[in-house]
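Undergrad: Next come a sequence and a model predicted from it.
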Amino acid sequence: MKNTYPTPKKGTSVHFSGHETFPLRQMWLKKLFEQAVDGGLIKKSSLTDAKAIAEFGVGKNMVASIRHWGLACGIMVENGDSFRIRNLAKEILSDGGLDPYAENPSTAWLAHWQLACEGTRSTTWYWLFNHVTAPTFTRLELEEPLALYAHKHNPKHRLSASTISRDLETCLRSYAPRSADGSPEDFAEPLLGELGLLQEVHKGQYAFRRGPKASLHDGIFAYALVDFWDRTAEGQSSLAFEQIAYGEGAPGRVFKLDEESVAQRLISLSDFTKCKLEWTDSAGLRQVHRRKFSPEDKKDLIRRAYD
């Protein structure tokens, strides 16, 4: 495998730990959400003391992992000596909310988007879905180029080979759980495994599943497009098809959609968004035009994915 991966984007950090090697499980986000009090605050101490660990019903390392996934998936943010549950997470995970038990595929797609579109706390996820182009690959083949990617970003920060290896293993198992051997925890279906983004074609050898992604709702795709647009081309009234399909951190790459699938979704966006996003294909120039999206408009795209 050639080491031809780009230099990390300026202004982003590298992060290769925190999950304690546990992939994100379906009920963990709900478990975390249930710890919130006082309008959505979780005391940091409540995730470290013995009583809290007993309430979670899992081991100390798993509680640390749940904390990590809550931050990495954007469920909560730092707030002094507490964590604050984000409003959208409240809408989704509250009892009687859009998806209180994280059973709807849209919740898993949102978590994947958060992990792989920018990778603030999930560098391996971002790197894997945006920079690995080989038709098949093994964990061992990925270790050196990922280490080089991290080194280019911060030459002074030393990462051990074992840290890189564990993070890659956790990332791959998040999408393609082990099929044989391992502990009972290895057989528990990870939240991201249902997305069908990655498969183990032979023991230890993986490949992306590129294609239309039937469980990906248009609302999640539209939200991801606007989110990508806001981060990379804020102020631009149009975005080229190639950038949406192939750009770093773009929906086409992160969701592993083929070119035809991206085009079909873009064509349907005009009706779905009431012309706030409009596809044009004139004289060979394929692009999407947008009108203003407020933060509430973006959230509404997500809400519609749960209708």
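TA: Structure received.

Undergrad: Could the C-alpha coordinates of stretch 165-173 be exported in PDB?
TA: Output of stretch 165-173 as PDB, limited to C-alpha atoms (Å, rounded to 0.1, in the frame of the first residue of the first chain):
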ATOM      1  CA  SER A 165      -3.000  -0.500  16.300                       C
ATOM      2  CA  ARG A 166      -5.600  -0.500  19.100                       C
ATOM      3  CA  ASP A 167      -7.400   2.500  17.600                       C
ATOM      4  CA  LEU A 168      -7.500   1.000  14.200                       C
ATOM      5  CA  GLU A 169      -8.800  -2.300  15.600                       C
ATOM      6  CA  THR A 170     -11.600  -0.600  17.500                       C
ATOM      7  CA  CYS A 171     -12.500   1.500  14.400                       C
ATOM      8  CA  LEU A 172     -12.700  -1.600  12.100                       C
ATOM      9  CA  ARG A 173     -14.700  -3.600  14.700                       C
END
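
Undergrad: pLDDT of that stretch, averaged?
TA: Throughout stretch 165-173, pLDDT has a mean value of 97.

Undergrad: Stretch 240-248 now?
TA: For stretch 240-248, the mean per-residue pLDDT is 97.

Undergrad: tell me which residues of that stretch are tucked away?
TA: For stretch 240-248, a neighbour-count test (16 or more other C-beta atoms under 10 Å) marks 241, 243-245, 247-248 as buried. Heads up, the C-betas are built off the backbone N, CA and C, glycines and all.

Undergrad: Now, those residues that are in helices?
TA: Applying DSSP state H to the buried residues of stretch 240-248, the entries found in helices are 241, 243-245.

Undergrad: After the helix or strand of the chain with the lowest mean pLDDT, heading C-terminal, what element do we hit next?
TA: When each helix and strand of the chain is scored by mean pLDDT, DSSP states H and E, helix 184-187 comes last, with a mean of 49. Sequence order places strand 198-202 as the next helix or strand after helix 184-187, per DSSP states H and E.

Undergrad: Please enumerate residues in contact with that following strand?
TA: Contact partners of strand 198-202, identified using C-beta atoms under 8 Å, 6 or more residues apart in numbering, comprise 136, 172, 175-176, 179, 206-209.

Undergrad: so can I have JSON lines of the residues you listed showing secondary structure, distance to Ser106 and neighbour count?
TA: Output for these, formatted as JSON lines (DSSP: H, G, I helix; E, B strand; the rest coil; distance: C-beta to C-beta, whole Å; neighbours: other C-beta atoms under 10 Å):
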{"residue": "Thr136", "secondary structure": "coil", "distance to Ser106": "29", "neighbour count": "13"}
{"residue": "Leu172", "secondary structure": "helix", "distance to Ser106": "23", "neighbour count": "22"}
{"residue": "Tyr175", "secondary structure": "helix", "distance to Ser106": "17", "neighbour count": "24"}
{"residue": "Ala176", "secondary structure": "coil", "distance to Ser106": "21", "neighbour count": "20"}
{"residue": "Ser179", "secondary structure": "coil", "distance to Ser106": "27", "neighbour count": "10"}
{"residue": "Tyr206", "secondary structure": "strand", "distance to Ser106": "25", "neighbour count": "21"}
{"residue": "Ala207", "secondary structure": "strand", "distance to Ser106": "25", "neighbour count": "15"}
{"residue": "Phe208", "secondary structure": "strand", "distance to Ser106": "21", "neighbour count": "18"}
{"residue": "Arg209", "secondary structure": "coil", "distance to Ser106": "18", "neighbour count": "13"}
